[in-house]
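Enquirer: Here is my input, please return the structure:
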Amino acid sequence: IFRRYEYRVADARAERNPLLRGHTLWYPAELDVKRMERAAHELLGLHDWAAYCRPREGATTIRELQAFTWGRDSTGVLIARVQADAFCHSMVRALVGATVSVGERKLAADRLLGIRAAAARTSEFKVMPAKGLTLVEVGYPDDAEVAARAEQTRARRSV
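Expert: Take a look at the predicted model:
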């Protein structure tokens, strides 16, 4: 019923731990986590995410983004926490890339909504690499609801 990912970014303010280099993206600029957090919050809800996905034939790009937060851990590493009922291909890495552009002041925070509304891929931000991305939790329905959930998942969505 949901998937939750984390994406770790060590910006110019963060400590760089070489033991975590395979799980953390090192980013050369200082990022404004408050701007990123505000922009992420504005994106929540059931929408068509075509602008933030690599489309696959026959697959829907309509998803419910349930949670998207940014914060720093004790070492200064930025952690994005993203949860949705499902994600389309590259969606998490695109959302992270867009909010990182906001944090670096390359994009206005409200531009992310405009990009989503346009429903087309753009080069206004970079999709982040897989390095830094971790699936942390998958939520499953109760046993009695599995069949109904499977049917719901296969159904064509609209917003």
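Enquirer: Output the top strand by length along the chain as CSV, restricted to C-alpha atoms.
Expert: Counting residues, the longest strand found in the chain (DSSP state E) is strand 62-72. Extracted C-alpha coordinates of strand 62-72, given in CSV (Å, rounded to 0.1, in the frame of the first residue of the first chain):
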residue,chain,number,x,y,z
ILE,A,62,-0.6,9.0,-11.7
ARG,A,63,0.6,8.4,-8.1
GLU,A,64,-0.2,9.6,-4.6
LEU,A,65,2.8,11.3,-3.0
GLN,A,66,2.0,10.8,0.6
ALA,A,67,5.1,12.2,2.3
PHE,A,68,8.2,14.1,1.2
THR,A,69,10.5,15.7,3.8
TRP,A,70,14.1,16.9,4.0
GLY,A,71,16.2,17.1,7.1
ARG,A,72,19.8,16.9,8.3
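Enquirer: Check which helices and strands the very next helix or strand once past it sits against.
Expert: Reading on from strand 62-72 to the C-terminus, the next helix or strand found by DSSP states H and E is strand 78-84. Contact here means 3 or more CB pairs under 8 Å, 6 or more residues apart in numbering; DSSP states H and E; on that basis strand 78-84 packs against strand 2-10, helix 33-42, strand 62-72, helix 91-103. In short, each C-beta sits where N, CA and C put it, glycine included.
Enquirer: would TSV of those with mean neighbour count be doable?
Expert: Listed next are these as TSV, based on neighbours: other CB atoms under 10 Å:
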stretch	mean neighbour count
strand 2-10	20
helix 33-42	19
strand 62-72	18
helix 91-103	25
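Enquirer: Could you check the ones you listed and tell me which one is nearest Ala119?
Expert: strand 62-72 (10.5 Å; CB to CB).
Enquirer: picking that back up, could you export the helices and strands packed on strand 78-84 as TSV, including distance to Ala130 and mean pLDDT?
Expert: Output for these, formatted as TSV (distance: least, CB to CB, whole Å; pLDDT from 0 to 100):
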stretch	distance to Ala130	mean pLDDT
strand 2-10	10	97
helix 33-42	20	97
strand 62-72	18	96
helix 91-103	7	98
